[in-house]
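Chemist: what follows is a predicted protein model with its sequence.
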Amino acid sequence: MTAEPPPGQNPYGSAPPPPPPGSYPPPGSYGGPQGAYGAGQGAPLPPGVPAPLAEWWERLVARIIDTIVFGVVYLILTGVLVIGGGGSFLSTFIPGLIAYGAYTAYDYVLHSKDGQTVGKKIMKIRVVALGGAPLDSSVVMRRSVAYPGALVLYGIPLVGLLASLFALATGVFILVDKPLSQGLHDKVAGTVVVKAAG
């Protein structure tokens, strides 16, 4: 027959007794220190960046949302001009001028208000000036003219190809530029895209 252990001592060996019901486990009992959820969160922000940077895919989805309307306008206008007998230059240049001109104006007006287009509002991201300066109209104008404004030239032979390559390079820069993830239009304007508060 074995004797009962003294009160407070574990009868099964050296492991501590379980915590009383309703109490919290001691700190660190479930493993090592926990970092914040998501890559980059909890890490120091790059100099001049007021909030965590937007992810590349958030920016892509926002841009797709913003582009859909203007892409539809471009396709409709191109179809009308082709059916109406317009030449190949007119059937691509005029729709590009109208649709991408309207897109550039949309981009400028909405970013001027609060740094967000409809797509950015949906994705909860915003454009801010690097270094914390106010996002003034000249900054927004440079950014909007660089992209999507460059696409206004889409229908012009050779120049349109260069505009398309510039648009592609803008996307590639977002992926490879470290640590700020700036597209070429961000570099021209001195902006970054960050997660919006709330």
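Modeler: The structure has been received and is ready for your questions.
Chemist: every contact and neighbour count from this point should use C-alpha atoms.
Modeler: Noted.
Chemist: mind listing the helices for this structure?
Modeler: 56-83, 88-114, 118-123, 137-146, 159-176, 184-189 (DSSP state H).
Chemist: find the centremost residue of the chain, please.
Modeler: Centroid-nearest residue in the chain: Arg59, 2.9 Å away (criterion: Cα atoms, centre = their mean).
Chemist: ok, Gly48 to Ile122 distance?
Modeler: 25 Å (Cα to Cα, to the nearest Å).
Chemist: cool, and Ala163?
Modeler: Ala163 is 27 Å from Ile122, by Cα to Cα.
Chemist: these two: who's more crowded?
Modeler: Each of Ala163 and Ile122 has its neighbours counted (other Cα atoms under 10 Å); Ala163 has more, 22 against 13.
Chemist: what residue ranges in the chain score low on pLDDT?
Modeler: 1-42, 84-87, 198 (pLDDT under 70).
Chemist: so what's the residue count around the closest residue to Leu161 other than its chain neighbours?
Modeler: Nearest non-adjacent residue to Leu161, counting by Cα to Cα, 6 or more residues apart in numbering: Tyr154, 6.9 Å away. Residues lying near Tyr154 (other Cα under 10 Å) number 22.
Chemist: contacting residues around Asp114?
Modeler: Arg126 (Cα atoms under 8 Å, 6 or more residues apart in numbering).
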